[in-house]
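# take this sequence and fold it.
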Amino acid sequence: MCQNQNCNCKKPYYITTAIAYTSGKPHIGNTYEAVLADSIARFKRAEGYDVRFQTGTDEHGQKIELKAEAAGVSPQDFVDGVAGEIKTIWDLMNTSYDKFIRTTDKDHEAQVQKIFKKLYDQGDIYKGYYEGLYCTPCESFFTESQLVDGKCPDCGREVQPAKEEAYFFKMSKYADRLIAYINEHPEFIQPVSRKNEMMNNFLLPGLQDLCVSRTSFTWGVPVSFDPKHVTYVWLDALTNYITGLGYDCDGNHGELFDKFWPADLHLIGKDIIRFHTIYWPIFLMSLQSAILFFMRCPLIMTASFPGS
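Numbering: from 1, shown residues only. Now for the predicted structure:
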């Protein structure tokens, strides 16, 4: 951002949608979110802001590998088809995005590998074994106590026992810092009901370390120093918000990153709020992007249909 107060430069405004998961055809909620974000982007442009609007697709994970196998095609061919369909719909709706990112983009994958290595080298990621209950559609592990009626607390589907070698991220190391930030910035998560849900159900009871790699499938970004592991889909997906701006883990950021980060608004669906309001800010803290993250408080809104 320009620091000259006498400059007539437009003030930057960075808005993102969640990136659509390419395990199948997009649903109406994906389109609703894209159109809503587009409306905000257009309004901000009309107000005189220099707007950067990013959307895209999330293209790794076990669910996609299984869907591709069932369809008799490679995972890359499968996601190419779904991503193309999603982009066609966004264009049909005349959404004015500036960047359509795909997590299979080579520059994104390269940064994900560097980010994983950086977090490992500084001691925030460690190797261990995971034994728990896994929800394939959500790409998430849960303990017995976290289940709701014996099913996934996020989507309500069946979970399966799983045990495998994995890398873990030390979530608890940053929990108190995130709690303090949310308390000091009540506008950070909107609406307030979602903020209360995240605080009371996840943060205040205590965060468990997060599994950030898998070995039971191969369709993902390989861990550079241990390639039998692939990166947990959410560590991969969430970082799109910075890699799409030219973030570089070594500090050689592109001009867009310097101009537009931190985000002004992450517009997301309510079903993935935990990943965006807990995992994402903690990953940023670990990346030592705290100064960038807290300079301009990014709002995180939840988009949902009336009554949901």
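
# so where is the chain shaky, pLDDT-wise?
Within the chain, the stretches with pLDDT under 70 are 1-8, 289-308.

# redo that, cut-off 80
Along the chain, the parts satisfying pLDDT under 80 run over 1-9, 130, 139, 141, 289-308.

# ranges for the strands of it?
Assigned by DSSP state E, the strands in the chain fall at 12-17, 20-21, 50-58, 99-102, 125-135, 140-142, 160-169, 189-190, 210-211, 213-214, 230-231, 265-269, 299-303.

# out of those strands, flag the one nearest F283.
Across the strands of the chain, F283 has its closest neighbour in strand 160-169 (7.9 Å, CB to CB). Any C-beta I mention is one placed from the backbone N, CA and C, and that applies to glycine too.

# before we move on, back to that, which one of the strands of the chain lies nearest to C152?
Evaluated over these, closeness to C152 peaks at strand 125-135, with 4.0 Å, by CB to CB.

# tell me the buried residues in that closest one?
Neighbour counts over strand 125-135 (16 or more other CB atoms under 10 Å) mark 125, 130, 132-135 as buried.

# would you list the residues you listed in a markdown table and tack on distance to K10?
A markdown table is the format used below for these (distance: CB to CB, whole Å):
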| residue | distance to K10 |
| --- | --- |
| I125 | 39 |
| Y130 | 47 |
| G132 | 48 |
| L133 | 49 |
| Y134 | 46 |
| C135 | 44 |
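
# what's the closest of those to T22?
Closest to T22 out of the buried residues of strand 125-135 is C135 (18.0 Å), distances taken as CB to CB.

# okay but that closest one is in contact with P161, surely?
No - using CB atoms under 8 Å, C135 is not in contact with P161; the gap is 11.7 Å.

# can you give me the helices for the chain?
Applying DSSP state H to the chain gives helices spanning 28-46, 62-71, 75-92, 106-121, 172-184, 192-198, 233-238, 240-243, 255-260, 273-274, 280-286, 290-295.

# just put those in CSV and tack on distance to P222 and mean neighbour count.
Formatted as CSV, those follow (distance: least, CB to CB, whole Å; neighbours: other CB atoms under 10 Å):
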stretch, distance to P222, mean neighbour count
helix 28-46, 28, 17
helix 62-71, 14, 17
helix 75-92, 13, 17
helix 106-121, 7, 18
helix 172-184, 25, 15
helix 192-198, 31, 15
helix 233-238, 11, 25
helix 240-243, 17, 25
helix 255-260, 25, 17
helix 273-274, 26, 21
helix 280-286, 19, 22
helix 290-295, 27, 14
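
# list just the one of the ones you listed that sits closest to F100.
helix 75-92 (5.7 Å).

# and that closest one, what does it pack onto?
helix 28-46, strand 50-58, helix 62-71, strand 99-102 (3 or more CB pairs under 8 Å, 6 or more residues apart in numbering; DSSP states H and E).
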